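A.B. asks: need a structure here:
(one chain, ligands or ions: 1)
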Amino acid sequence: MDFQDKPKRQMNDVSDLGITCSECNNSIKELPFVPNKRQDGTFGNLYCYECNKKRKPRFSGSKFGR
Ligand SMILES: [Zn+2]
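C.D. replies: Here you go, the predicted model:
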């Protein structure tokens with residue numbers, strides 16, 4: 001069976017990096033981008049797919065802006 005029903009966004013395998021979600025502490029296995037290690041040796045705040053989804057504000061009329 002093929003799982004090619006939908007074109008999926010390219011995901012990068014980051015399971016080797018040992019990244020955990022800043023929100024739920026789950027280990028992050030893949031990200032839509034390659035995280036860059038910062039000077040302090042961490043990747044900064046990264047969120048798993050689910051938390052990322054929750055954090056994204058919905059466009060419900062109000063706009064962020066200056
Ligand atoms: Zn999470």
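
A.B. asks: mind checking the SS state of residue 39?
C.D. replies: coil (DSSP: H, G, I helix; E, B strand; the rest coil).

A.B. asks: I'd like to know how far it sits from residue 17.
C.D. replies: For residue 39, the distance to residue 17 equals 16 Å [Cβ to Cβ, to the nearest Å]. No exception for glycine: its C-beta is placed from N, CA and C like everyone else's.

A.B. asks: quick one: name the residues of the protein near the ion.
C.D. replies: 21, 23, 24, 26, 48, 51 (Cβ under 5 Å from the ion).

A.B. asks: what about stretch 14-28, how long is it end to end?
C.D. replies: One end of stretch 14-28 to the other measures 7 Å (Cα to Cα, to the nearest Å).

A.B. asks: average pLDDT for it?
C.D. replies: For stretch 14-28, the mean per-residue pLDDT is 95.

A.B. asks: how about that stretch, which residues are buried there?
C.D. replies: By 16 or more other Cβ atoms under 10 Å, the buried positions in stretch 14-28 come out as 14, 17, 19, 21, 28.
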